[in-house]
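Enquirer: my questions are about this predicted structure, shown below with the sequence.
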Amino acid sequence: MNLKRGVEWSVGGAAVLFGIAAASYAGLVGFAWLRYGHAPAPAADEVDPLLDAFIPHYDVVERHHVAIGAPAAVTFGALMDMDLEESLLIRAIFKGREICIGADPDVEGRPRGLVSMTKALGWVVLAVVPGRELVMGAVTRPWEPNVVFRGIPPERFAAFNEPGYVKIVWTLRADAGGGRSSVARTETRVLAIDAEARRKFRRYWSRVSPGVALIRQLSLRLVKKEAERRAYVESGRSTEIVVPPAGVTSM
């Protein structure tokens with residue numbers, strides 16, 4: 001009897017959790033639908049002239065940041081080396097999209113690391129400030145099961161207006177803070193070219209935006225962990241006392 005009751009409680013608890021998760025997801029989908037086309041303006045420390053050069057006005061935007069106990073140069077290096085495959089949850093989200101939208105499994109061997117991987121998929125570098133910021137961009141139809149990314153040269157990206165597409169830009173950026181600290185930032189902007197693309201993308205974005213936001217948050221956690229690890233290692237090296245080999249005199 002106790003075993004039966006325990007099973008009933010377990011099943012009931014799982015059902016309640018599933019219901020809460022489903023309701024939360026539905027709420028986020030509805031919020032994304034209503035907010036579409038009303039992207040919030042950036043705060044003073046979020047203003048990005050590089051992004052403004054390519055998509056100054058946009059339908060949706062995702063901005064995320066995290067404070068990091070490492071110099072900006074170290075943080076930017078960790079951003080550039082970011083590997084989303086390190087997160088089991090991120091891999092699960094990508095797999096979930098693949099299943100839900102009916103995409104073919106990605107069986108091609110692609111390079112590890114976000115920047116290298118996206119370049120292999122067709123994204124192009126639109127702008128770069130060495131040691132500080134990287135801007136990537138592409139045009140695509142993300143609602144299609146097997147998404148194809150078209151890289152448009154920087155000098156033609158802002159003027160691109162082919163119907164049926166959306167333009168997407170995203171950035172990896174490290175802002176210096178006080179002392180040996182910094183802020184890692186990522187921002188994604190999307191603009192639909194015409195009304196038909198806007199209709200299709202709005203439906204798609206409403207469904208996937210909760211996962212996109214979660215991926216951004218998880219990816220910045222990876223960056224924080226790696227950047228602070230690198231800063232700790234470098235700090236240890238800078239204070240390390242080097243003992244010369246026997247018979248060698250230090251100058």
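Expert: Everything's here; your move.
Enquirer: contact partners for residue 224?
Expert: Applying Cβ atoms under 8 Å, 6 or more residues apart in numbering, we find residue 224 in contact with 66, 68, 184. (Each C-beta comes from the backbone N, C-alpha and C, glycine too.)
Enquirer: go again using 10 Å as the cut-off
Expert: 66-70, 75, 78, 184 (Cβ atoms under 10 Å, 6 or more residues apart in numbering).
Enquirer: how close does it sit to residue 90?
Expert: 15 Å (Cβ to Cβ, to the nearest Å).
Enquirer: point out where the stretch 1-150 of the chain drops to low pLDDT.
Expert: Where the stretch 1-150 of the chain drops to pLDDT under 70, the residues are 1-26, 97-110.
Enquirer: can you map out the strands along the stretch 1-150 of the chain?
Expert: Using DSSP state E, counting those that start in this stretch, the strands found in the stretch 1-150 of the chain span residues 60-68, 124-129, 133-140.
Enquirer: quick one: the second one to strand 133-140, angle?
Expert: Here the directions of strand 124-129 and strand 133-140 differ by 160 degrees (axes from the mean of the first three to the mean of the last three Cα atoms, to 10 degrees).
Enquirer: give me every residue that touches residue 160.
Expert: 54, 137, 139, 150, 152-153, 167, 191, 193.
Enquirer: pick out whichever of those residues sits closest to residue 122.
Expert: Ranked by distance to residue 122 (Cβ to Cβ), the contacts of residue 160 are led by residue 150 at 6.1 Å.
Enquirer: for the nearest residue to that closest one once chain neighbours are set aside, name its beta-bridge partners.
Expert: In space, and not counting its chain neighbours, residue 150 is closest to residue 139: 4.9 Å by Cβ to Cβ, 6 or more residues apart in numbering. Residues in a beta bridge with residue 139, per DSSP bridges, are residue 150, residue 167.
Enquirer: next, work out how far apart residue 139 and residue 45 are.
Expert: For residue 139, the distance to residue 45 equals 29 Å [Cβ to Cβ].
Enquirer: tell me the average confidence for stretch 196-206?
Expert: In this model, stretch 196-206 has an average pLDDT of 96.
Enquirer: what sits up against that stretch?
Expert: Against stretch 196-206 from outside (Cβ under 10 Å, 6+ apart): 28-37, 59-60, 101, 140-144, 162-168, 190-193, 212.
Enquirer: ok, 6 Å please
Expert: Contacts to stretch 196-206, defined as Cβ atoms under 6 Å, 6 or more residues apart in numbering, come from residues 29, 32-33, 36, 60, 142-143, 164-166, 192.
Enquirer: in helices only, show me these.
Expert: Counted as lying in helices by DSSP state H, out of these, are 29, 32-33.
Enquirer: next, format the residues you listed as TSV and append neighbour count and distance to residue 228.
Expert: Below are these laid out as TSV (neighbours: other Cβ atoms under 10 Å; distance: Cβ to Cβ, whole Å):
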residue	neighbour count	distance to residue 228
29	16	35
32	19	32
33	14	38
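Enquirer: closest to residue 111 out of those residues?
Expert: residue 32 (31.2 Å).
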